[in-house]
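In: Sequence and computational prediction follow.
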Amino acid sequence: TLQPQASLTVIDQSTGEVKAIVGGRGDKTASKTLNRATDTTRQPGSTFKILAAYSAALDAGGLTLASVQDDAPYTYAGANGKSVNNYDRRYRGFTTLREAITDSINIVTVKTLAQAGVSLGWQYVQEYGFTTVDSRDMNEALALGGITQGVSNLELTAAYAAIANQGTYIKPKFYTKILDHDGNVLIDNTTPEISVIIPTYKSELYILDAVWSVLNQTFQDFEIVLVNEAESDDHTIELVQLFSDRRIRVIQNKKRLGLAESLNIGICAARGKYIARMDADDLCKIDRFQLQWDYLEKHADVDVLGSAIEVVSKGEKTKLSFPQLHSTICAHLLFHLVIAHSTVMFRKSAFLKYDLHYNSEAFGEDYELWTRAMEYLTFHNLKNKLVEYRLHSSNITVQKKYDLSCETSKIMTKMLKRDFEIVVPKEYMKYWNSWVNYYEKCDENTYDKVMDIERNLLLCIWKRNSVLHKYDSESLKSALMYRWDWVNGIISKERIL
């Protein structure tokens, strides 16, 4: 007597590891028989509603769970459109997406996909890792799982695992390592603890030293994700390939994207629990990863961890330190950057949770990011100098200083408006930055005028904070004093970050 069959897949969404898989019911009587979890495809039906329609519409289609569709008679788009029916043949009228998901309402689901865009839904299905869905399925029936070839249990489980993993898809893994009889690793399929992201653009002068400083770390459980910019036509990649280290992955941009987008690509490709930033012309101290990994493992409340740096310029070395505590870092971010970008190690999960990414329109992409992230994440700086920062003509030009001064002025102004409802006078915007001290170039009359504006702004910040309690008072006092000293030339105007 024929018996019904079934298959089952269990995946750890955070690692992609397949923990259990059942290819069919009954006793195992032979080897290499049909595995229904991996080798058989079935129409996914309503399980596709979330994947093809709702996740796309809610994430990128401009809709929310409170958005409303009219549950009324509807036919599929096209000359031969057929009627869409609900399972109970009833119509409910205006229905929220939340209700439609709860009650599995077909018509609302199809209308949602149509509004968000069938091409968008099809794109999301592709990004969920389905290999049996093709262009023939790019129609409204996709919302209800009406596809040509069906999907496998394994790929359907992996797609839902991506939702449970804050939207990050991880390809299913069936093994971690393959060893030879001597215990040598032939294939390593494990997930590294740290992903080191190194963006490069014509970096041949420094890249060998930079990569070697990473490979020479005392902490060795990492991968390097090197994102090479388009039109980087020197020997950077050839030099990196000399290392012949399987932990190095190279991503080649096909068009010019800029630093911010290259970093976003690196974050998306990273497999590690932690992401470490590294510039192609800097050097890591040998114990950098060990110290940062130890700290983050012991302090689950810290999301972003930086450190002091050692600045190397014309053969001279100078230590540059930053505030260590979160409250002080946040207060100082009102006025200047106090997190050295190339020292940062952060939790990838925290960035994904709050949908944080680098803004490609920002010239000072790191400062802009941290001033947004401070609303959600916890910062800390180690007092150790963990990175050697090379100061040279190509990374700190006069034009770059000017551009950064304009950018920081906008960011600082935006923060005052956001946190204190304080508006910086338009005529003062030039001076309200942390890169170029224009006070030193003022005539006497202008100097007195702009100093009055500066003094009033700082006093206003202090008074507003005493009411709103946005920042710790001692931390804010420290930041205000730093700003006042910088304006008066007591602290060097040279900014290197």
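Out: Received the coordinates, thanks.
In: And the average pLDDT for stretch 236-249 is what?
Out: Averaged across stretch 236-249, pLDDT comes to 92.
In: For it, measure first residue to last.
Out: Stretch 236-249 has an end-to-end distance of 13 Å (CA to CA, to the nearest Å).
In: now do stretch 125-136
Out: Stretch 125-136 has an end-to-end distance of 13 Å (criterion: CA to CA).
In: Packing partners of the worst-scoring helix or strand of the chain on mean pLDDT?
Out: Lowest by mean pLDDT, DSSP states H and E among the helices and strands of the chain is strand 185-188, with a mean of 81. On a contact count with 3 or more CB pairs under 8 Å, 6 or more residues apart in numbering; DSSP states H and E, strand 185-188 meets strand 177-179. No exception for glycine: its C-beta is placed from N, CA and C like everyone else's.
In: Just checking: what are the partner strands of the strand it packs on?
Out: Strand 177-179 has the following strand partners under DSSP bridges: strand 185-188 (antiparallel).
In: what does the least confident helix or strand of the chain rub up against?
Out: With CB atoms under 8 Å, 6 or more residues apart in numbering as the test, strand 185-188 has contacts from 175-180, 246.
In: so after that strand, what's the next helix or strand?
Out: On the C-terminal side of strand 185-188, the closest following helix or strand by DSSP states H and E is strand 194-200.
In: Alpha carbons only: can I get that next one in PDB?
Out: Extracted C-alpha coordinates of strand 194-200, given in PDB (Å, rounded to 0.1, in the frame of the first residue of the first chain):
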ATOM      1  CA  ILE A 194      36.100  38.200  12.400                       C
ATOM      2  CA  SER A 195      35.700  39.600   8.900                       C
ATOM      3  CA  VAL A 196      38.300  42.200   8.000                       C
ATOM      4  CA  ILE A 197      37.100  44.600   5.400                       C
ATOM      5  CA  ILE A 198      39.800  46.400   3.300                       C
ATOM      6  CA  PRO A 199      38.600  48.700   0.500                       C
ATOM      7  CA  THR A 200      41.300  49.300  -2.100                       C
END
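In: Who does it pair with, and is each partner parallel or antiparallel?
Out: In the sheet, strand 194-200 lines up with strand 222-228 (parallel), strand 274-277 (parallel) (DSSP bridges).
In: Same list, these, but as JSON lines with mean pLDDT, mean neighbour count and distance to residue 108 please.
Out: Shown next, in JSON lines, are the strands paired with strand 194-200 (pLDDT from 0 to 100; neighbours: other CB atoms under 10 Å; distance: least, CB to CB, whole Å):
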{"stretch": "strand 222-228", "mean pLDDT": "95", "mean neighbour count": "23", "distance to residue 108": "41"}
{"stretch": "strand 274-277", "mean pLDDT": "97", "mean neighbour count": "23", "distance to residue 108": "39"}
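In: just so I know, which of those strands lies nearest residue 355?
Out: Distance to residue 355, taken as CB to CB, is lowest for strand 274-277 among the strands paired with strand 194-200, at 15.3 Å.
In: rewinding a little: need the strands paired with strand 194-200 in TSV (columns: distance to residue 126).
Out: Listed next are those as TSV, based on distance: least, CB to CB, whole Å:
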stretch	distance to residue 126
strand 222-228	22
strand 274-277	25
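In: Pull up the gap between residue 293 and residue 370, please.
Out: Using CB to CB, to the nearest Å, residue 293 is found at 21 Å from residue 370.
In: And residue 209, by the same measure?
Out: 27 Å.
In: And residue 76, by the same measure?
Out: Residue 76 sits 48 Å away from residue 370, going by CB to CB.
In: same check, this time on residue 107
Out: From residue 107 over to residue 370 the distance is 46 Å, taken as CB to CB.
In: Mean confidence (pLDDT) on stretch 50-60, please.
Out: On average, stretch 50-60 scores 95.
In: what do you get for stretch 327-340?
Out: For stretch 327-340, mean pLDDT rounds to 96.
In: can you check stretch 422-436 too?
Out: 91.
In: gap between the two ends of it?
Out: Between the start and the finish of stretch 422-436 there is a gap of 22 Å, counting by CA to CA.
In: Run through who's touching it.
Out: Here stretch 422-436 makes contact (CB under 8 Å, 6+ apart) with 335-337, 401-402, 404-406, 408-409, 412-413, 416-417, 438-439, 450, 453-454, 457, 460-461, 464, 486, 493, 495.
In: for this protein, what are the low-confidence residue spans?
Out: Counting by pLDDT under 70, the chain shows low-confidence ranges at 79-80, 393-398, 492-497.
In: residues contacting residue 312?
Out: Contacts of residue 312 (CB under 8 Å, 6+ apart): 388-391.
In: Could you state which residue of the protein sits nearest its centroid?
Out: residue 357 (4.5 Å; CA atoms, centre = their mean).
In: what about that one, which SS state?
Out: Under DSSP: H, G, I helix; E, B strand; the rest coil, the three-state class of residue 357 is coil.
In: Settle this for me: it is touching residue 265, isn't it.
Out: No: Residue 357 is not in contact with residue 265 according to CB atoms under 8 Å; the separation is 10.2 Å.
In: Tell me where the longest helix sits in this structure.
Out: helix 444-468 (DSSP state H).
In: Now do the next helix or strand after that one against helix 444-468, angle only.
Out: As assigned by DSSP H and E, the chain's next helix or strand after helix 444-468 is helix 473-487. With axes from the mean of the first three to the mean of the last three CA atoms, to 10 degrees defining the directions, helix 473-487 sits at 170 degrees from helix 444-468.
In: helices and strands around helix 473-487, which ones?
Out: helix 326-332, helix 444-468.
In: okay, the angle between the helix or strand containing residue 402 and helix 444-468?
Out: Element membership of residue 402 [criterion: DSSP H and E] is helix 398-420. Angle of helix 398-420 versus helix 444-468, following the same axes, to 10 degrees, is 40 degrees.
In: Make 742 the first number, not 1, from now on.
Out: Happy to do that; since the first residue is 742 now, the last one works out to helix 1139-1161.
In: wouldn't residue 793 be in contact with residue 861 here?
Out: No: Residue 793 lies out of contact with residue 861 (CB under 8 Å); the separation is 9.6 Å.
In: Make a markdown table out of the helices and strands packed on helix 1214-1228 and add mean neighbour count.
Out: A markdown table is the format used below for those (neighbours: other CB atoms under 10 Å):
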| stretch | mean neighbour count |
| --- | --- |
| helix 1067-1073 | 22 |
| helix 1185-1209 | 14 |
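In: Any chance of those in a markdown table with distance to residue 1044 as columns?
Out: Output for the helices and strands packed on helix 1214-1228, formatted as a markdown table (distance: least, CB to CB, whole Å):
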| stretch | distance to residue 1044 |
| --- | --- |
| helix 1067-1073 | 10 |
| helix 1185-1209 | 24 |
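In: which one of the ones you listed lies closest to residue 1047?
Out: Nearest to residue 1047 among the helices and strands packed on helix 1214-1228 is helix 1067-1073 (8.5 Å), distances taken as CB to CB.
In: which secondary structure elements does the closest one contact?
Out: strand 1120-1131, helix 1214-1228.
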